[in-house]
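K.L.:
take a look and give me a structure for this.
(one chain, ligands or ions: 1)
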Amino acid sequence: MSAAAAFAPVRVEGLSHYFGDGASRAQVLFDLSLEIEPGSLVILTGPSGSGKTTLLTLMGALRSIQDGRLEVLGTSLSGLQGAALTQLRRDIGFIFQMHNLFDSLTALQNLIMATHVADTPPDQARRRCLALLERLGLGHRIDHKPAMLSGGQRQRVAVARALVNAPRLILADEPTAALDQASGREVVTMLREFAATEGRAVVMVTHDNRIIGLADRIMSMVDGRIVSDVRVNEAVDLSMALRNIDLFARLSTAELTQVAEKMTQRPFRDGEVFMRQGEEGDLFYLLRDGQAQVIVSQNGSESAITTLGPGQYFGERALITGEPRNATVVGRGDGRIATLSKQDFQQALRLAPDLPEQLTRIYFGR
Ligand SMILES: Nc1ncnc2c1ncn2[C@@H]1O[C@H](COP(=O)(O)OP(=O)(O)OP(=O)(O)O)[C@@H](O)[C@H]1O
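P.N.:
Numbers count the residues shown, from 1 in each chain. All right, here's what the predicted structure looks like:
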């Protein structure tokens with residue numbers, strides 16, 4: 001197992017979720033798998049009702065796991081209860097739309113109150129709370145109660161409160177909704193620094209386009225599924241890798257970036273079967289890290305015909321010809337793979353004007 005995998009703050013495998021019973025039972029999350037690396041600020045975005053908050057509350061151990069696996073800070077949440085559940089929630093900082101500050105306490109007291117769960121010596125706790133409020137531009141408001149603060153100031157107190165015990169994971173739902181652009185960026189920049197310097201992670205649900213550029217990674221959900229998963233720095237990297245692929249070599253930088261943004265990248269484990277001979281093809285694969293073995297079965301016997309390495313691709317033939325997969329491809333060792341849906345792949349090919357002719361030559365020999 002790689003070091004990153006061993007310490008993933010959040011690991012989701014085959015997670016599904018349902019609301020309601022009997023005839024009104026509705027599935028809202030569909031077989032999600034993802035891993036969040038330490039040190040990253042991840043934005044979860046997508047249309048209303050796509051399942052973002054449901055996923056976030058599952059990660060926060062605020063709902064029971066129904067189907068699949070979810071590990072947070074190394075602890076599996078299935079069946080977790082009692083003291084173990086309380087302990088885990090203490091390691092998580094929550095920032096929700098309803099900030100739940102205590103109305104009868106001042107900003108500073110709200111923060112100090114939150115430090116009580118962590119057995120911090122009172123002097124130290126007070127100093128830390130003051131420094132955080134100062135940092136969030138609330139140094140002159142420490143003795144104000146929530147009713148005397150603006151919506152944006154209340155939200156910043158809630159952010160400070162989530163950070164005060166230095167949790168290893170922060171889950172935030174629309175933390176900038178009540179803030180103007182400058183304060184929104186300030187809050188998110190602070191969360192990002194927090195994630196990066198302490199090796200922690202922040203997962204944030206947002207519709208706020210003004211802050212999306214601050215994320216390390218952007219996951220988009222539609223109808224309970226993750227439809228794209230882009231590591232921001234990696235998108236640039238990925239478009240460089242695409243440029244080296246003959247199929248895409250004629251695309252402009254802007255077009256390559258567009259394609260890269262539609263790709264999903266994820267880790268894979270030794271032995272994972274990416275595609276099987278005889279099946280219909282629905283994805284294009286680009287190997288980012290690690291190796292993959294191409295196996296062809298003929299007359300009942302299997303032979304490994306080649307091993308692919310980083311930067312090499314597979315799966316294009318079935319998407320172009322419409323024929324079933326002509327080989328099985330299996331991951332060898334742990335690695336990372338990027339995939340593109342059939343529809344996005346075909347759209348990308350259409351961007352290169354003379355490509356269809358070339359492809360006909362290559363794949364149909366005409
Ligand atoms: N407690 C509940 N009981 C029944 N259905 C629910 C419940 N909570 C959420 N849902 C449904 O689950 C789906 C996903 O909701 P969720 O709140 O996770 O979406 P979201 O992407 O966070 O939306 P928004 O951006 O509007 O907050 C929606 O169809 C919603 O109506």
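K.L.:
the ligand contacts on the stretch 1-150 of the chain?
P.N.:
F19, G20, V28, G46, S48, G49, S50, G51, K52, T53, T54 (CB under 6 Å from any ligand atom). In this view, the C-beta of every residue, glycine as well, is placed from N, C-alpha and C.
K.L.:
got a winner among these for most neighbours?
P.N.:
With neighbours taken as other CB atoms under 10 Å, the top of these is K52, carrying 26 neighbours.
K.L.:
could you pull up the residues touching that one?
P.N.:
Residues counted as contacts of K52 (CB atoms under 8 Å, 6 or more residues apart in numbering) are L44, T45, G46, V205, M221.
K.L.:
for these, give me CSV that also has secondary structure.
P.N.:
Shown next, in CSV, are these (DSSP: H, G, I helix; E, B strand; the rest coil):
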residue, secondary structure
L44, strand
T45, strand
G46, coil
V205, strand
M221, strand
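K.L.:
closest one of the residues you listed to I142?
P.N.:
Distance to I142, by CB to CB, is smallest for V205 among these, at 28.7 Å.
K.L.:
this structure: helices as residue ranges?
P.N.:
Per DSSP state H, the chain carries helices over the ranges 3-6, 52-59, 82-90, 107-115, 122-135, 151-163, 181-198, 232-243, 253-262, 316-321, 342-350, 355-364.
K.L.:
most packed of these?
P.N.:
Comparing the helices of the chain by mean neighbour count (mean count of other CB atoms under 10 Å), helix 151-163 comes out on top with a mean of 23.
K.L.:
before we move on, back to that, find the pair from the residues of the stretch 1-150 of the chain next to the ligand with maximum spatial separation.
P.N.:
G20 and G46, at 21.2 Å, using CB to CB across those.
K.L.:
one step back: could you dump the contacts of K52 to CSV with pLDDT?
P.N.:
Formatted as CSV, these follow (pLDDT from 0 to 100):
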residue, pLDDT
L44, 95
T45, 94
G46, 93
V205, 95
M221, 95
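K.L.:
who wins for neighbours among these?
P.N.:
Neighbour counts for those, by other CB under 10 Å, peak at L44, which reaches 26 neighbours.
K.L.:
which residue is the nearest non-sequential neighbour of P9?
P.N.:
Nearest residue to P9, sequence neighbours excluded (CB to CB, 6 or more residues apart in numbering): A201, at 4.1 Å.
K.L.:
I meant to write E323 there.
P.N.:
Counting by CB to CB, 6+ apart, E323 lies nearest to R317, which is 7.3 Å off, once chain neighbours are set aside.
K.L.:
mind listing what A158 touches?
P.N.:
So A158 contacts I95, F96, H99, N100, L101, P175 (CB under 8 Å, 6+ apart).
K.L.:
can I get stretch 242-262 as CSV, trimmed to CA atoms?
P.N.:
Provided in CSV are the C-alpha atoms of stretch 242-262 (Å, rounded to 0.1, in the frame of the first residue of the first chain):
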residue,chain,number,x,y,z
LEU,A,242,-2.7,14.1,-23.4
ARG,A,243,-0.6,16.1,-25.8
ASN,A,244,1.8,13.2,-26.1
ILE,A,245,-1.0,10.9,-27.2
ASP,A,246,-1.2,10.5,-31.0
LEU,A,247,-5.0,10.6,-30.9
PHE,A,248,-5.0,14.1,-29.3
ALA,A,249,-1.8,15.5,-30.6
ARG,A,250,-3.6,18.0,-32.9
LEU,A,251,-5.7,19.6,-30.2
SER,A,252,-4.9,23.1,-29.1
THR,A,253,-3.8,23.7,-25.5
ALA,A,254,-7.3,25.0,-24.6
GLU,A,255,-8.9,21.9,-26.1
LEU,A,256,-6.5,19.6,-24.3
THR,A,257,-7.3,21.4,-21.0
GLN,A,258,-11.0,21.0,-21.7
VAL,A,259,-10.5,17.2,-22.2
ALA,A,260,-8.3,17.0,-19.1
GLU,A,261,-11.0,18.6,-17.0
LYS,A,262,-13.5,16.0,-18.1
